[in-house]
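**Student:** Structure here, sequence nowhere to be found:
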């Protein structure tokens, strides 16, 4: 991560690794779990199983997006608090995350300096959030892999 107030950057090279890992972990997990959900019921109920799985998946995605937004907001605000104070940083962050960088600049702040600080704060927050999502996605993929490797005990018939 860049130092606070440092050069901001979210170029393709810096984002590629976490985005590839998130996509791989998420995609592999969903494909395996979806297949397991559908194949674990009798064929007449496959649609119901797929619907239930997709409802749970989309609910999880909505919660994840809300958490990601909260993390981005908190980390961006924290990076601006030292320079602008808690109250101003909270107002500024709210405007920034709505996409209004011009309207977010606090009164009396130099626009160029503010843009640099805000961009660096947001880029650092984004990188941190992406690495957190990477860890969660890989943990999910690992959990699915471990659960799928558990074998049912052989049934003994007499």
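**Tutor:** Looks like it came in fine. Keep in mind that this is a model prediction, so the values were computed, not measured.
**Student:** Can you give the distance of the helix or strand hosting residue 63 from its chain's centre?
**Tutor:** Assignment of secondary structure by DSSP states H and E places residue 63 within helix 46-84. Distance, stretch centre to chain centre, for helix 46-84: 6 Å (Cα atoms, centre = their mean, to the nearest Å).
**Student:** Next one: residue 60 relative to residue 39, how far apart?
**Tutor:** Counting by Cβ to Cβ, to the nearest Å, the separation of residue 60 from residue 39 is 21 Å. The way it works is simple: take the backbone N, C-alpha and C, and place the C-beta from them, glycine included.
**Student:** typo on my end, it should be residue 122
**Tutor:** As judged by Cβ to Cβ, residue 122 and residue 39 stand 43 Å apart.
**Student:** Which one of those two is surrounded by more residues?
**Tutor:** A count of neighbours by other Cβ atoms under 10 Å puts residue 122 above the other of residue 122 and residue 39, at 22 against 10.
**Student:** Can you report how many residues lie near the residue lying closest to the more buried one once chain neighbours are set aside?
**Tutor:** Counting by Cβ to Cβ, 6 or more residues apart in numbering, residue 122 lies nearest to residue 76, which is 5.1 Å off, once chain neighbours are set aside. Residue 76 has 24 neighbours, counted by other Cβ under 10 Å.
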